[in-house]
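Undergrad: all I have is the shape, not the residue letters:
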Ligand SMILES: [Fe+2]
Ligand SMILES: [Fe+2]
């Protein structure tokens, strides 16, 4: 009999009934998050032979206590049906100033923002999380590390490492308000050859003072011991953590390295060389399956799962038998919400697209709004500010320009397939980003759009000369190619673990 389980990520549940409708526009569908989660739980509960639901962190919107308390009630429905929930929490599940877009800088820590513009006392402290979720994996774990990580037996012969990687809640260095409270004096941690730092409270930092969303040396020691124990017992083991171990698309670390698992370049080698073959991750809200082979020839696969509370609201259904794991994706295709007469998938896609179109429109006409919107995709504000004029000009061009227009400007129009002439650049970018998030990057160089972008990229490369050397866009054709097309499947996987 195979062992079946289901995995979802980034539920970002927002208790709309208690906290009020959000009017701010997010990539996350916060108001609908409860309805989507209920629908996902219905789908899971209907599966007769699938008895374990795994949630890979960021279970609430921003750590509101009302959201946690209601989420517990929702998840108890799973247990009442005789099934199990195994979850980890992450950085969105407790109060910290780095959720700054949602928490006014001037407000004391411990108050949450609601749409009505009021401040609502109800944030959750990190040290409360274990108590809230004890029944969802922690209480019957084989081993628990530092309260929030654990190793669980899914079924005879299969274990899962549920790894908290929230960095103990240290805010980024530029969150001065909270750092003033915590102290800001990172010291080299000699046990890591100076790679990691600790502040006076023992909180793990990167060398530039950022929160290390990853593992401390002590946690890694515990992880490797768990892997070794499972192997000694002749059982298969895989891991679940929140931050991606492998880039969800090739340029991701160049754009936002702080959204990767801390020190991922080392951790991927440590994991694969110690026999871990499979890790499930979330956080990026991108649906992707990536593979890595260490210099010593060991492989690891990272199944990064997009957010449940956004397009395409995916659920990974997994089946394990004889050391082989099968993974396939299904989506939530209906939920109890006024969808305005369209399908749930179209509704979620429209919200996603509207956000991207707003970003392009605000790049052209409202720079402050543009910076705010980009923050939702992890783009750092400081970097954008330096390029305001260029971004405004570009925004205006993207709004109206087509692949044909760009071809004319570059004196290359005749090389562009006719079928691609009228494709509006802004619309294409919006679709390409949506495809990356959904794991459906389908514009191969054989398609008219893919071919047009390739020839335009070659032309731009020539014009740029050596000016792009040393940047992520050094090789423009492959830069754009990697954004438009990914031929390795992101929705399905089958292999040995
Ligand atoms: Fe996250
Ligand atoms: Fe998230």
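TA: Right, received. Where do you want to start? Owing to the predicted nature of the structure, the values given are computational and were not obtained by experimental measurement. Ligands and ions are numbered 1, 2, ... in the order given.

Undergrad: so where do the strands sit in the stretch 351-497 of the chain?
TA: In the stretch 351-497 of the chain, the strands defined using DSSP state E, counting those that start in this stretch lie at 493-496.

Undergrad: okay, and for it, where does confidence drop off?
TA: Residues of the stretch 351-497 of the chain meeting the criterion pLDDT under 70: 376-380.

Undergrad: if you set the cut-off to 80 instead, what comes out?
TA: Within the stretch 351-497 of the chain, the stretches with pLDDT under 80 are 373-383.

Undergrad: residue ranges of the helices in it, please?
TA: Remark: helices assigned in the stretch 351-497 of the chain by DSSP state H, counting those that start in this stretch are 367-375, 381-385, 388-400, 403-409, 425-438, 448-464, 476-484.

Undergrad: minimum distance to ligand 2: which of those has it?
TA: For ligand 2, the closest of the helices of the stretch 351-497 of the chain is helix 425-438, at 11.9 Å, according to Cβ to the ion. C-beta coordinates here come from the backbone N, C-alpha and C atoms, glycine included.

Undergrad: tell me the gap between that closest one and the middle of its chain.
TA: 17 Å (Cα atoms, centre = their mean, to the nearest Å).

Undergrad: just use 606 as the starting number from now, easier for me
TA: Will do, 606 is the new start, and the previous item becomes helix 1030-1043.

Undergrad: quick one, that helix and helix 1053-1069 angle?
TA: Computed by axes from the mean of the first three to the mean of the last three Cα atoms, to 10 degrees, the angle separating helix 1030-1043 from helix 1053-1069 equals 110 degrees.

Undergrad: hang on, the earlier thing: using TSV, lay out the helices of the stretch 956-1102 of the chain together with distance to ligand 1.
TA: Formatted as TSV, those follow (distance: least, Cβ to the ion, whole Å):
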stretch	distance to ligand 1
helix 972-980	13
helix 986-990	18
helix 993-1005	26
helix 1008-1014	35
helix 1030-1043	14
helix 1053-1069	31
helix 1081-1089	22
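
Undergrad: out of these, the one nearest residue 612 is which?
TA: Nearest to residue 612, of all the helices of the stretch 956-1102 of the chain, is helix 1030-1043, at 16.8 Å by Cβ to Cβ.

Undergrad: give me the contact list for that closest one.
TA: 853-854, 890-892, 911, 915-917, 954, 957-958, 961-962, 965, 982, 1002-1008, 1010-1011, 1046-1048, 1054, 1088-1089 (Cβ atoms under 8 Å, 6 or more residues apart in numbering).

Undergrad: related to what we said a few turns ago, of all the helices of the stretch 956-1102 of the chain, which one comes closest to residue 610?
TA: helix 1030-1043 (22.5 Å).

Undergrad: got the angle for the closest one vs helix 1081-1089?
TA: Using the same axes, to 10 degrees: helix 1030-1043 against helix 1081-1089 is 60 degrees.

Undergrad: can you pull the buried residues of whichever strand or helix holds residue 622?
TA: Assigned by DSSP states H and E, residue 622 belongs to helix 621-624. Buried positions in helix 621-624, judged by neighbour count with 16 or more other Cβ atoms under 10 Å: 621, 624.

Undergrad: can you pull out the strands in the stretch 606-755 of the chain?
TA: Applying DSSP E, counting those that start in this stretch to the stretch 606-755 of the chain gives strands spanning 608-613, 655-661, 689-693, 717-718, 724-725, 748-750, 754-760.

Undergrad: figure out which of those is closest to residue 635.
TA: Minimum separation from residue 635 across these (Cβ to Cβ) falls at strand 717-718, 11.8 Å.

Undergrad: pLDDT averaged over that closest one - what is it?
TA: For strand 717-718, mean pLDDT is 49.

Undergrad: let me know how buried the nearest residue to residue 753 once chain neighbours are set aside is, in neighbour terms.
TA: Closest residue to residue 753 apart from its sequence neighbours, by Cβ to Cβ, 6 or more residues apart in numbering: residue 769 at 3.8 Å. The number of residues packed near residue 769 is 24, by other Cβ atoms under 10 Å.

Undergrad: repeat for residue 966
TA: Neighbour count for residue 966, taken as other Cβ under 10 Å: 18.

Undergrad: residues contacting it?
TA: Going by Cβ under 8 Å, 6+ apart, residue 966 touches 1000, 1004.

Undergrad: against ligand 1, how distant is it?
TA: Distance of residue 966 to ligand 1, computed by Cβ to the ion, to the nearest Å: 27 Å.

Undergrad: now that residue: how far from ligand 2?
TA: 25 Å.

Undergrad: in the stretch 906-1055 of the chain, what residue lies closest to ligand 2?
TA: For the stretch 906-1055 of the chain, Cβ to the ion, closest residue to ligand 2: residue 912, 5.7 Å.

Undergrad: for the residue nearest to residue 753, what are phi and psi?
TA: phi -70, psi 130 (degrees, to the nearest 10).

Undergrad: wait, doesn't it sit right on residue 696?
TA: No - Residue 769 is not in contact with residue 696 according to Cβ atoms under 8 Å; the separation is 10.1 Å.

Undergrad: so who does the residue nearest the centre of the chain touch?
TA: The centroid of the chain falls nearest to residue 889 when counting by Cα atoms, centre = their mean (1.8 Å). Residues near residue 889 by Cβ under 8 Å, 6+ apart: 849, 853, 857, 864, 909, 911.

Undergrad: hang on, the first one is in a helix, isn't it?
TA: No - the assignment for residue 849 by DSSP: H, G, I helix; E, B strand; the rest coil gives coil, which leaves it out of any helix.

Undergrad: sorry, back to before: so for residue 769 and residue 696, which residues contact both of them?
TA: Contact criterion Cβ under 8 Å, 6+ apart; residues shared by residue 769 and residue 696: residue 847.

Undergrad: quickly find the element holding residue 914.
TA: Going by DSSP H and E, residue 914 is not in any helix or strand.

Undergrad: next: residue 830.
TA: Element membership of residue 830, judged by DSSP H and E, is helix 822-837.

Undergrad: which parts of the stretch 756-905 of the chain are helices?
TA: For the stretch 756-905 of the chain, the helices defined by DSSP H, counting those that start in this stretch cover 781-787, 822-837, 857-861, 869-878.

Undergrad: what is the last one packed up against?
TA: Same thing as helix 869-878. Contact partners of helix 869-878 among helices and strands, from 3 or more Cβ pairs under 8 Å, 6 or more residues apart in numbering; DSSP states H and E: helix 822-837, strand 893-898, strand 904-909.

Undergrad: looking at the ones you listed, which is nearest to ligand 2?
TA: Across these, closest to ligand 2 is strand 904-909 (Cβ to the ion), at 11.6 Å.

Undergrad: and the angle for the closest one with helix 869-878?
TA: Interaxial angle of strand 904-909 relative to helix 869-878 (the same axes, to 10 degrees): 120 degrees.

Undergrad: what strands line up against strand 904-909, and which way round?
TA: Strand 904-909 pairs in its sheet with strand 883-886 (parallel), strand 893-898 (antiparallel), by DSSP bridges.

Undergrad: can you redo those as JSON lines with distance to residue 930?
TA: Shown next, in JSON lines, are the strands paired with strand 904-909 (distance: least, Cβ to Cβ, whole Å):
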{"stretch": "strand 883-886", "distance to residue 930": "6"}
{"stretch": "strand 893-898", "distance to residue 930": "12"}
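
Undergrad: ranking the ones you listed by burial, who's on top?
TA: strand 883-886 (a mean of 26; mean count of other Cβ atoms under 10 Å).

Undergrad: quick one on the thing from earlier: measure the residue of the stretch 906-1055 of the chain closest to ligand 2 to residue 866 for me?
TA: Residue 912 is 17 Å from residue 866, where distance means Cβ to Cβ, to the nearest Å.
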